[in-house]
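1. have a look; sequence and predicted model below, questions after that.
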Amino acid sequence: MSESILTSVKKNLGLDESYTAFDADILLHINGVFSTLTQLGVGPENGLGISDKTTTWDAFYGTNKKYSFIRTYVYLKVRMLFDPPQTGYLVTALEKQAEELEWRINAVREETQWTSPTPVELTDTVLDGGDA
């Protein structure tokens, strides 16, 4: 069985699973990061929102091991929103890690869902009622 999304993010944030005082805040940030990932083209087609610790990582990226670094990306982004570091150096380091992971996420997605950047040629059909 895959690990709970909420539980693993809390663990990485240094919070015990039984400590629930910040669950609503953490869930809000996790869902925001999932929205970003959906815009990047990964995860369930209609996105994913979680409301408790029952949702597992398999619900987001299935059994595709190529996406296992999404866990790290979600943690980094939630950390920056929930508990940002106090030093500029650490903020910059975490931001750079997140940017690199975004690039890697796109690279993996493009391996299977690549779309040609070449625009589709339009026909001579006039759509606005003008002359062809």
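-> Received, thanks. Numbers count the residues shown, from 1 in each chain.
2. wait, what's in contact with the residue nearest to S68 when sequence neighbours are not counted?
-> In this structure, S68 finds its nearest non-sequential neighbour in Y61, 7.8 Å apart by C-beta to C-beta, 6 or more residues apart in numbering. From N, CA and C alone the C-beta is placed, and that goes for glycine too. Contacts for Y61 (C-beta atoms under 8 Å, 6 or more residues apart in numbering) come out as 42-43, 67-68, 70.
3. for T72, see how far away Y61 is.
-> Going from Y61 to T72 by C-beta to C-beta, to the nearest Å gives 12 Å.
4. again with E17
-> 19 Å.
5. do V78 as well
-> For V78, the distance to T72 - C-beta to C-beta - is 11 Å.
6. please enumerate the helices of the protein.
-> Secondary structure of the chain (DSSP state H): helices located at 5-12, 23-39, 58-61, 70-82, 88-113.
7. and for the first one, what are the contacting residues?
-> The reference is to helix 5-12. Residues contacting helix 5-12 (C-beta under 8 Å, 6+ apart): 16-17, 19, 23, 26-27, 30, 50, 52-53, 55-57, 59-60, 71, 74-75, 78-79.
8. next one: P85 from T112, what distance?
-> Taken as C-beta to C-beta, the span from P85 to T112 is 35 Å.
9. can I get the helices of the chain in TSV with distance to V120?
-> Below are the helices of the chain laid out as TSV (distance: least, C-beta to C-beta, whole Å):
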stretch	distance to V120
helix 5-12	38
helix 23-39	22
helix 58-61	30
helix 70-82	31
helix 88-113	17
